[in-house]
Structure formats: structure tokens, C-alpha cells
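Peer 1: Any chance you could fold what I've pasted below:
(chains A and B)
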Amino acid sequence: DAGVTQSPTHLIKTRGQHVTLRCSPISGHKSVSWYQQVLGQGPQFIFQYYEKEERGRGNFPDRFSARQFPNYSSELNVNALLLGDSALYLCASSLARGQQETQYFGPGTRLLVL
Amino acid sequence: QKEVEQDPGPLSVPEGAIVSLNCTYSNSAFQYFMWYRQYSRKGPELLMYTYSSGNKEDGRFTAQVDKSSKYISLFIRDSQPSDSATYLCAMSPNSGGYQKVTFGTGTKLQVIP
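Peer 2: Next comes the predicted model:
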């Protein structure tokens, strides 16, 4: 079975540009979470989506937004990119059945902002 | 003060050694504890999870939680060069529904053959 997939794998942008990152969860998983991992740090929670609705949001500015589609895939959008947005962006999916929920991570999209 | 503190290492051990990785936390609401392994340029991979205080064993890995001290540990027995990776502790107030997971900074482990 395919795990969580993310695209693109790498991306280079310049300051002020916009970026869209994509995630496909494991088949049957209905919840998707996004994390930002700066080099040398642990992942930081950005968003969690379930059934196309935002369940939670971390301490990130409004330049960050996301959405979930009917097939449970998700997009993370970042506007007006800053140098500090350079990081590995991770997507994680879970079943979201209200019981023990293990999050499974994708390989991430590595974003470099110049 | 960070909610989750983890020594970033690096930690270098000889093959076959017992490795001890630790995290402390300040938020008493955390109830669900996890350890992830992350190889260079890859996403985190779940190793262990536990809800309660005490020990949980899985092969060469043992996770230990002491809620009274707000301290969790991961022990790796008979460490192998393939265990060389960054180990992230993670915790959440709940296991279902809205699940905001807070990670430590990660400890980089190198097992020398």
C-alpha cells in the first residue's frame, strides 16, 4: 500500500512569491496534518484538517492556509514567502476515528526561499 | 521555556551499546507519548507510542513514561549502525479528534561499527 505522498519533493522560490504544496494521505485516512520542520528542529504543527474542515491551527501567520478536498488530499499554501519559510514541510495522515490515532508522515517537501 | 525539551546531541555510541534517549515536558495535559525516528532528508517514522506511565517494549526498543516527573525515555538495546538517525519525542493531549502533536528538537544518534 502507498504511504503518504507529497509533491513536489523540492522547491526553490524567491521572497514574496507564493507556493502550493500537495499531500495525498494513506488510503482510508480522513485526517491530514501539516508541519514545518526547520533544519535542526523538530516539526512544528501548522494545521489539521478532517472532512474538509480545519480542526486546529498552530502559531503560524495568516500567510499560511490550507484546504482538504473530497478525496481527503490536501494543499498547503504560503503567500508572500520569507527567507524564514525555508524548511521541510511535512504532511501526516491519520484515520481520525476518534480512537488511538497514529499519524503517518510523508517524505516532505523541501522548500528553499532565496 | 519550551513545552518539550530534548538534548539535541549528537550522541555517538559503539555498535552493540545500550542507548538512552530522553525528553522532559512541562504541560501536564500531555497524555499520549510517541517516539519517531527520522533519517536524513526523510519524514519521521513512528517507532513507539504509549498512553500511560510505565514501560512498553517492542523488540530492541523500550519506551518509558514517568508522568509524575514529566519525563520520557527511549532505550535501544544492541544498537546497530542502521539505528543512526535523529530520534524525535512527541506528545499530545489526546489520542483522537483534534490532535496537536508537539515535538522535541530531536537527538541525533550515531552508532559506530
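Peer 1: what residue is smack in the middle of chain A?
Peer 2: Residue closest to the average C-alpha location in chain A (C-alpha atoms, centre = their mean): residue A:34, at 3.0 Å.
Peer 1: you'd agree it is up against residue A:54?
Peer 2: No: assessed by C-beta atoms under 8 Å, residue A:34 is found out of contact with residue A:54, at 10.7 Å. All C-beta spots, glycine's among them, are computed from the backbone N, C-alpha and C.
Peer 1: For the closest residue to chain A within chain B, give me phi and psi.
Peer 2: For chain B, the residue closest to chain A is residue B:103, as judged by C-beta to the nearest C-beta, at 3.3 Å. With angles defined as degrees, to the nearest 10, residue B:103 shows backbone torsions of phi -100, psi 150.
Peer 1: Chain neighbours aside, what residue packs nearest to it?
Peer 2: Among residues not flanking residue B:103 along the chain, residue A:42 sits closest, at 3.3 Å (C-beta to C-beta, 6 or more residues apart in numbering or on different chains).
Peer 1: tell me which element the closest residue to residue B:30 other than its chain neighbours is part of?
Peer 2: The shortest distance from residue B:30 to any non-neighbouring residue, by C-beta to C-beta, 6+ apart, is to residue B:91 (4.1 Å). Following DSSP states H and E, one finds residue B:91 within strand B:85-92.
Peer 1: For that strand, which strands pair with it and how are they oriented?
Peer 2: Strand B:85-92 pairs in its sheet with strand B:32-38 (antiparallel), strand B:102-103 (antiparallel), strand B:107-112 (antiparallel), by DSSP bridges.
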